[in-house]
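Student: just coords:
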């Protein structure tokens with residue numbers, strides 16, 4: 001399955017919605033879209049909407065941490081929207097939720 005990353009403004013918040021599998025083969029597209037959103041919105045919160053993600057490997061987790069660091073360096077932040085119970089459990093077990101805020105909705 002290919003990865004699709006779409007950037008838009010949702011409820012006034014810059015959002016990168018991701019559909020597909022985030023793995024080593026597709027991570028570059030996700031990273032590029034997320035970092036473009038972070039740099040275009042310095043000082044703001046950017047949301048990574050992972051509700052369309054089928055699978056997220058360790059490289060994807062590391063990339064999210066790197067994007068959060070880049071957002072914080074630009075005086076903003078990165079938050080994640082995730083309602084998929086399996087994926088959310090993975091984010092909690094890896095303690096990513098202690099570094100990046102995870103929400104059920106954007107607003």
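Tutor: Great, that's in hand. Computed from a prediction, not measured in an experiment: that's the story for all the values here.
Student: Now do the same contact list for the spatially most central residue of the chain.
Tutor: Centroid check for the chain by CA atoms, centre = their mean gives residue 48 as the closest residue, at 3.0 Å. Residues in contact with residue 48 (CB atoms under 8 Å, 6 or more residues apart in numbering) are 15-16, 18, 34, 64, 67, 78-81. (Glycine included, C-beta is placed from N, CA and C.)
Student: phi, psi of residue 3?
Tutor: Main-chain dihedrals, residue 3, degrees, to the nearest 10: phi -100, psi 140.
Student: so it touches residue 26, yeah?
Tutor: Yes. Residue 3 is within contact range of residue 26, at 3.7 Å (criterion: CB atoms under 8 Å).
Student: Mind listing the shared neighbours of those two?
Tutor: Joint contacts of residue 3 and residue 26 (CB under 8 Å, 6+ apart) are residue 20.
Student: Show the contacting residues for residue 64.
Tutor: For residue 64, the contacting residues are 48, 78, 80, 96, 100, by CB under 8 Å, 6+ apart.
Student: List the buried residues for the longest strand belonging to the chain?
Tutor: Longest strand of the chain, by residue count under DSSP state E: strand 45-56. Using 16 or more other CB atoms under 10 Å as the test for burial, strand 45-56 gives 46-50, 53, 56.
Student: any idea how far that strand is from the chain center?
Tutor: Centroid displacement of strand 45-56 relative to its chain, using CA atoms, centre = their mean, to the nearest Å, is 5 Å.
Student: got it, and stretch 74-81?
Tutor: Worked out by CA atoms, centre = their mean, stretch 74-81 lies 9 Å from the chain centre.
Student: ok so, going back, filter the contacts of residue 64 down to the buried ones.
Tutor: Buried, going by 16+ other CB under 10 Å: 48, 78, 80, 96, 100, out of the contacts of residue 64.
Student: Which of those fall within strands?
Tutor: Among the buried ones among the contacts of residue 64, the subset assigned to strands under DSSP E consists of 48, 78, 80.
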